[in-house]
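[1] pasting a predicted model and its sequence here:
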4 protein chains.
Amino acid sequence: MPSSFGDNLKITIFGQSHSPAVGVSIDGLPAGLAICLDEIYAFLRRRMPGKNAYSTARREADVPEFLSGLADGITCGAPLTAIIRNTDTRPQDYEQLRDVPRPSHADFSAFAKYGTAHDIRGGGVFSGRMTAPLCIAGGICLQLLRREGIRVAGHITRIGDEHRRGFDPVKIGNDEFDILQNADFPVLDKEAGERMLAAIEAASLAGDSLGGIIECAAIGVPAGLGGPLFGGLDSRLAALLFSIPAVKGVEFGSGFSCAELRGSQNNDAFIIDEGSIKTRTNNHGGILGGITSGMPVIFRAAFKPTPSISRQQDSVSLSRRENVMLTVTGRHDPCIVPRAVPCIEAACAVALYDAFLGMKTMHNS
Amino acid sequence: MPSSFGDNLKITIFGQSHSPAVGVSIDGLPAGLAICLDEIYAFLRRRMPGKNAYSTARREADVPEFLSGLADGITCGAPLTAIIRNTDTRPQDYEQLRDVPRPSHADFSAFAKYGTAHDIRGGGVFSGRMTAPLCIAGGICLQLLRREGIRVAGHITRIGDEHRRGFDPVKIGNDEFDILQNADFPVLDKEAGERMLAAIEAASLAGDSLGGIIECAAIGVPAGLGGPLFGGLDSRLAALLFSIPAVKGVEFGSGFSCAELRGSQNNDAFIIDEGSIKTRTNNHGGILGGITSGMPVIFRAAFKPTPSISRQQDSVSLSRRENVMLTVTGRHDPCIVPRAVPCIEAACAVALYDAFLGMKTMHNS
Amino acid sequence: MPSSFGDNLKITIFGQSHSPAVGVSIDGLPAGLAICLDEIYAFLRRRMPGKNAYSTARREADVPEFLSGLADGITCGAPLTAIIRNTDTRPQDYEQLRDVPRPSHADFSAFAKYGTAHDIRGGGVFSGRMTAPLCIAGGICLQLLRREGIRVAGHITRIGDEHRRGFDPVKIGNDEFDILQNADFPVLDKEAGERMLAAIEAASLAGDSLGGIIECAAIGVPAGLGGPLFGGLDSRLAALLFSIPAVKGVEFGSGFSCAELRGSQNNDAFIIDEGSIKTRTNNHGGILGGITSGMPVIFRAAFKPTPSISRQQDSVSLSRRENVMLTVTGRHDPCIVPRAVPCIEAACAVALYDAFLGMKTMHNS
Amino acid sequence: MPSSFGDNLKITIFGQSHSPAVGVSIDGLPAGLAICLDEIYAFLRRRMPGKNAYSTARREADVPEFLSGLADGITCGAPLTAIIRNTDTRPQDYEQLRDVPRPSHADFSAFAKYGTAHDIRGGGVFSGRMTAPLCIAGGICLQLLRREGIRVAGHITRIGDEHRRGFDPVKIGNDEFDILQNADFPVLDKEAGERMLAAIEAASLAGDSLGGIIECAAIGVPAGLGGPLFGGLDSRLAALLFSIPAVKGVEFGSGFSCAELRGSQNNDAFIIDEGSIKTRTNNHGGILGGITSGMPVIFRAAFKPTPSISRQQDSVSLSRRENVMLTVTGRHDPCIVPRAVPCIEAACAVALYDAFLGMKTMHNS
C-alpha cells in the first residue's frame, strides 16, 4: 500500500497538505523504550518552514501530538501514533490549479489517477508537507539508533553550480557529525556554504529556484543489517528516498562514478585495523549485497529545483484542451534542499532501525 | 520480507546460485491471459551466460519449468510459479571463501548476518543468478504490458570511460526499440558500442573488470500509474533496481544533473500536442509525484565493475584475523552490464505491471 | 503487523483505551466516493457505552474527527484517517492491576509480552475500546457496499441460556434487515429478546456477567468475491472477528453442526431460480472455496462473558508470587454482546469491501 | 495476497491439484538450523492418500524436493523452498465439471471469479492437495518448536454422530501426545475411534460421506507469544485454519459453549502452581488478548462432510442455464477428517512459530 513502509518496523503515513492534520503510526517499536519528545521537537524544527530566506513564508508550529503508543513517555508495545495539525493553510491559493496543472508538479498525474477528486489544495498528499510525519518517525528512530551507538547525519554538497567535498567515506567521525547537527545550513565547507546561500538568494530574486545534492552517512553501524534481494538496505532506503518529493537520483558509495572504474580501482580491500575487519576504501558505501559491512553507510540524493517558481510558465487548460500561461502564486521555497536534510536523515534512520530490528529476528543465536 | 516484492502483483523469488534450482512465484496475475513461453525463453537467453567474450564461461540451459498458475498455457488465477535448475555448478571453487571474503562481494556482510550457515557456493542468494527468476517475472510482464501498448527497452550508455548519448526523452519511439531488442549488445550508437566492447576486452585481458550505465525507457505508458508516498512508481522501481546485484545508483529523468539546474530550466512545460496533453521536455522522466505523466518513463542504473577479478587482492582471514592475499578463481564476466540489460528491463516491467494492475483498483469509474 | 489488516483496502488501527485518542487509517479507498459522516456517527452510536442497563456507565461522545483522505466530503485517493478522543478515562481504577492480573483479561499475557511497559490503563490496546476505530472503517465500508447493493446485518441469537432462531439462510431479506438495523437490541424474536435482557439484568444484579452469540449475514453479495488459500473471505473475515476482544468461536453456514452430517445432508444442490443460479439450501454460508457463491453470507461469533465481574476472584501477585483475592472495580458491561453487534457488522463489511475491491483487480475483463 | 501468510515467517504456497507440482517457499527462517528431512517425510505420510479405507485411492509418493534455503541440511538464511510433484493425476475425470458445478465444491464460485480460465482439474488451487505444501511448512515448524520445548498434537473428537472427550485443557501432557503422534487414527478413546471408523465405513458403503471435528493442542508454549488486534495468535491461527478446505468452524478454549456461561463460571482464576503462574481452569484455551498465557493452547476445527459423494445430486448446467443431475466420479475420501489431523497440526505449528519469532522482535531485553 502506498502509505506503509517497513518490514520489522511498519510506518504508516497519512494526511494531505491542507487536511486537518498529517500524521504517522509506527507499529513494531519494542516496548519499554523511553522516547524523548524534546529531541523530536528539535529535529522537526530543522525542517520547519519560515526560518529564513531560502524557505517558504508558511509558518507552522509543527508540534506533534502523540495519540498512542506511549504510557508515561515509554513505548508500551502498541503502535505509536503522532499527528501535526495543518494550521496555516490558504486553500484559495490553489483553485486555478484544478484546471491548469503546474509544470513539474504532481497536479496533472494526480488528476490522471484520481480525477477531480484529488485534493489539490497545497498539493494534497504529494506535498512536501508529508515529510513532516516521516520526520517524526525518523526522529524516534534516530534516538533509538543512537542508544545502539549508531549516528546519522547529512549535509549539502551541491546547490546549483556550487558544490563541495563530501564525507571522507573511511575517516568520517563524530566531530564532523556534531558540527553538522547543530548547523543551520549543514555543509562541510563553510565558504562553499556561503556561496550556496548566495546562489539561492540570487535564484529567489530572479523568481526562480535551485536544485541540489544531499549526502548522508551513518556511522557506528554494525555489520549484518539488511538482507538479500528486496530486503537490501540499499533497496529499502532507496524506496524511502524516492518517496520524498523532488528526489530524482540516489546513489550509494562511489555511485554513478563507479561506472567509470575498473574492478581493481573500485574494489574495497579488506584489512585488519586494530583487530577489527574493515575495508581500506569505502566505494561500496557500507553496504555489500544489501547488508551492512560495518563501514560507514554513505549515500547521496539529488533534488530537482523547486517546481514552483514565480516566473510565468507554459501550461494547458485541462477543460479547454488549449495552451495557456500560468503564474504560480503562494509561498514556496526557492530551494528545498536545506530543509530536506533532516528528511533524508529521517529516511536513513527509519530504514536502518527497521533493518536493526530485523537483525534480531534473523540471526540464529 | 526480503524475497517478496509488489503490491498488486506479488513476486516471490527463491533459490541460491548452487541450490538445486532458482525460481519465482507470481501472485495476482489476472486469470485468462495467454502466456507465450517462447517469448520468455527468448528473453531469458538475453541474460544467459556464456554467449560471448564479455560473459562468464558458465553455461546453463536456463530453460524455466512452469510448475503452477497455468492451465493450457492460460493464467488460471492461481500463483504462477517457474523454476530454473542450477546445473552447471562447481561448489569446489568457493571453499576458500569461507575464511577469506572477496573484496566488494557479499561474503563478509553475509557472514556477519548469517554466520557460517550462509550458503557461500557461488555467492548463494547474493549471486547475479538470482536475476534469472526476476527475468521470468519480467518476461511475463513485458508481454502483458505490450498487449496494453506499453513497451520497455534498455541500452548501454557507458562502459568505463566509453559513453554515448541516451534516449531523446521526448521523441523516443518504436523504431529504436525494435533495433535494441534484437541487438546482441544494445547501444544507440554502433561505433561507441564497438569501443565499449573493446574496452571490456582490454579489461579482461588485464585480469580486470569494468562497470557501466544502463538507460531504460518505457513508452506507451498511460498517465496515472503509480501513487504517492511509498507507492510511487519511482520508489517501487528503485527498490527493485537496487535489489539487482552491482547496482550502485539510480536516477530518473534528468536525475543527478537536475541538481545543477534552476527551476526555469528543469521544469517541463505542459503543451497540447495533437490534442493530447504532453510536456515539451521530459526532465521528469515520465513520473511526477510517483505517478506516470504519459510521457516516456526514463531512468538510468549505474553498475559497479564486477568485483571478481583475476588479479591478486588484499583481504583478511576471518578465523586468524590477519591480512592475507586472495586470488579469486572461477568463471566471471569481466563486465556484467551487457547481460544486465534484460534484468533492468525486467525490473521496469514488473514495477510497471504492478502499477498497471493498481490503476484498475484505485480509479473510481 | 498487528495493527494492519487487508489486502486491497488496508486498515491500520491505533490507540489504547486511555491514550489521548484511538483511530484508524484506511488506505486503498477509491477516489471520488462521497462519504456520509452522519451515517458513520449513527453507526458508532450503536456501539456507544452508557446507553442502557446492560452497558458500562462510561460515557463518551465517540464522535470521530476526520484528519485526512477527504476533500469536501469526497474521498481524494489519500488514506482516510479518523480519530476518536478518549475523554472519559479514569486511570486510577487500574493501578492495582499492575501486580494482580484480572482473570480472563489480557493483563497477564500482555505483561509476559511487554513487561511493565504495557499500558494497563483500561486494558490498553486490548480494550474493547479498540473496536471503535474498527467501526469507523466498518461504517464507511457499509455505506460503500450498500451502493453496490450489498447489505450487512447482525442479530443476537443467544445470551447465556436464552437462545432463539437465526436467519433463514436462503430466504433472508431486506425487511428483516430494516427492522434489525433500527433496533436497540437486535433480535429476530422479540419475546426471546426480552428474556435475554432479563437474563443480563439478573447476571448484573448477581455481580456477574453473560456471554452470547451473534449471527451476521450479508445479502446482495455477488458471486466471485474472495479467493483461494489465505485469500479466502472466510479466512480473512475470521481473522478480523478473532481480533475483536472476547470472541472465542467463529463458524460459517452450518458451521460446527455440519460435523454431524453426511455429505448428502450438508451438500447444497445448485438450482436455477428465476433464471439465476442459486443453491437450494445454504449450509455453505455463502462461501465456497473462500469465494462467495452469490447466496447470503452467514456466520456466527461466540462471545465469552465479560471477564470483569464485581464478585471477588482468585488471582496472584506477580511481584510476591502468591495467591491473592482480587475485586475488580470500575465500570463494565455485564454483557458486551449487544454493543458488539455493530462491531461484527463492521468486521464483515471491512472484509467484504476488501474482497470487493479485489474482485476488480483479479478478474480479467 | 491469497498465497502468502505470516508476519515474521512468511510462507508462500503455490500449485494446483493437477499442475506439475505444488510447493511452498518459506522466508524468515533463522540461519543455522538443522532441518531433519526424514521427520518431514514422516509427517507428510500422515496426510498421504491411499493409506486405508477412509481415504482416496489416489496414490502419490508425496516426497518433497528441497530447491533452496538449505546448505548441507542447514538453513542458510535464504528462503527455503520445497515442491511435491503431482504424479497421479487423471485430468479426464474433471471435464464435465466445467459446465456442471459439483454441489458444495468451489467449482461455481471459482468460475464466478476466474471464468473459464479456472484450472478445474482436481479442483485446481481449491484442492485439498494444497494442504501438502502447508504440511511441509508445518513439518519444519514442528521440529523447530520442539527444540524450544513446544509440542503440538491433534486428535479426532467427532465423526458424524460419534463423538468423544477432548483434551483435559489443564492436565494435558506428553504421554497423550506420544500416543497420538504414532496413531494411524488419532483419538483419545480407542473404542470411540473404532465406532468412528465404522461410521466412515458405513457412509462410504452408502455412497455418502461424513464430517467431523479435530481438536488440537500445543503444550510447552511460553507466555507472551502473539499480539493485540490483528496480531492475535487466535486471529492468525483462525485465518490459517479457515484456509484449509472444508473447515467451517473454529473455536478456542471453551469456544461456543462459553456463550452459555456466566463470567464467574468461565473466568480462569490465576494461581501459583509450584512457583509458576497458571490458571486453575483453561476456558481461555491458552490465549488471552491474542497472546499466549503459558497454559496449553487448545482449539477445535469443524470439517464438513466431503462434498464429493457417489450419489446422484442436483446441479445446473452453466451454459444451458437449466437444472441437471450430476454424478461425481473420481477418487475421494468418504471422510477427510483423519487425513486433516496433520494439516491442523501444521497450521498450528506455522502460526506458533511465526509468533515465536515475533516474540524475539517485540520484546525489549
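    Yep, it's here. Residues are numbered from 1 along each chain as shown, chains lettered A, B, ... in the order given.
[2] residue ranges of the strands in the stretch 1-150 of chain A, please?
    With DSSP state E, counting those that start in this stretch as the criterion, the stretch 1-150 of chain A has strands at A:4-5, A:10-15, A:21-27, A:65-68, A:70-71, A:74-75, A:80-85.
[3] make CSV from those and add distance to chain B, mean neighbour count and mean pLDDT to it.
    In short, each C-beta sits where N, CA and C put it, glycine included. Below are the strands of the stretch 1-150 of chain A laid out as CSV (distance: least, CB to the nearest CB, whole Å; neighbours: other CB atoms under 10 Å in any protein chain shown; pLDDT from 0 to 100):
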stretch, distance to chain B, mean neighbour count, mean pLDDT
strand A:4-5, 5, 24, 95
strand A:10-15, 6, 28, 98
strand A:21-27, 11, 28, 98
strand A:65-68, 20, 21, 98
strand A:70-71, 24, 24, 96
strand A:74-75, 23, 21, 98
strand A:80-85, 16, 26, 98
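[4] buried ones in the helix or strand where residue A:200 lies, by neighbour count?
    Applying DSSP states H and E as the criterion places residue A:200 in helix A:190-205. Within helix A:190-205, the residues scored as buried using 16 or more other CB atoms under 10 Å in any protein chain shown are A:192, A:193, A:195, A:196, A:197, A:199, A:200, A:203, A:204.
[5] on contacts alone, who are the packing partners of that helix?
    strand A:151-159, strand A:162-163 (3 or more CB pairs under 8 Å, 6 or more residues apart in numbering or on different chains; DSSP states H and E).
[6] among the ones you listed, which is the most enclosed?
    Among those, strand A:151-159 has the highest mean neighbour count (mean count of other CB atoms under 10 Å in any protein chain shown), at a mean of 26.
[7] so that one versus helix A:190-205, what angle?
    60 degrees (axes from the mean of the first three to the mean of the last three CA atoms, to 10 degrees).
[8] including mean pLDDT and distance to residue C:136, could the helices and strands packed on helix A:190-205 go into a markdown table?
    What follows is the helices and strands packed on helix A:190-205, written out as a markdown table (pLDDT from 0 to 100; distance: least, CB to CB, whole Å):
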| stretch | mean pLDDT | distance to residue C:136 |
| --- | --- | --- |
| strand A:151-159 | 97 | 36 |
| strand A:162-163 | 93 | 50 |
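[9] between those, which gets nearest to residue A:343?
    Each of the helices and strands packed on helix A:190-205 has some distance to residue A:343 by CB to CB; the shortest is strand A:151-159, at 8.9 Å.
[10] for that closest one, packing partners?
    If contacts are counted by 3+ CB pairs under 8 Å, 6+ apart, strand A:151-159 sits against helix A:131-147, helix A:174-181, helix A:190-205, strand A:212-219, helix A:337-362.
[11] can you give me the strands in the stretch 201-350 of chain A?
    Going by DSSP E, counting those that start in this stretch, the stretch 201-350 of chain A shows strands at A:212-219, A:247-252, A:270-273, A:276-279, A:287-288, A:291-292, A:297-303, A:313-317, A:322-326.
[12] so is the fourth one next to chain B?
    Yes - in terms of CB under 8 Å from any CB of the partner chain, part of strand A:276-279 sits within range of chain B, namely A:277, A:279.
[13] CA atoms only for that strand - export them in CSV, please.
    Extracted in CSV, the C-alpha atoms of strand A:276-279 (Å, rounded to 0.1, in the frame of the first residue of the first chain):
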residue,chain,number,x,y,z
SER,A,276,38.7,-5.5,13.6
ILE,A,277,37.8,-6.1,10.0
LYS,A,278,37.5,-3.0,7.8
THR,A,279,37.9,-2.0,4.2
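[14] pull up the pairing partners for that strand, direction included.
    Partners of strand A:276-279 in the sheet, by DSSP bridges, are strand A:270-273 (antiparallel).
[15] identify the residues contacting the strand it pairs with?
    A:277-280, B:101, B:103, B:108, B:314-316, B:321-323 (CB atoms under 8 Å, 6 or more residues apart in numbering or on different chains).
[16] pull the most distant pair out of those residues.
    Farthest pair in these, by CB to CB: B:103 and B:321, 17.0 Å.
[17] of the two, which one has the most company?
    Shown here are residue B:103 and residue B:321; by other CB atoms under 10 Å in any protein chain shown, residue B:103 has more neighbours (29 against 11).
[18] surely that one is in contact with residue B:312?
    No - shown here, residue B:103 and residue B:312 do not form a contact pair, counting by CB atoms under 8 Å, at 11.0 Å.
[19] common neighbours of these two, please.
    residue B:326.
[20] rounded mean pLDDT for stretch A:228-241, please.
    The average pLDDT within stretch A:228-241 is 98.
[21] in a markdown table, list the strands of the stretch 1-150 of chain A along with distance to chain C.
    Listed next are the strands of the stretch 1-150 of chain A as a markdown table, based on distance: least, CB to the nearest CB, whole Å:
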| stretch | distance to chain C |
| --- | --- |
| strand A:4-5 | 7 |
| strand A:10-15 | 4 |
| strand A:21-27 | 4 |
| strand A:65-68 | 4 |
| strand A:70-71 | 4 |
| strand A:74-75 | 5 |
| strand A:80-85 | 4 |
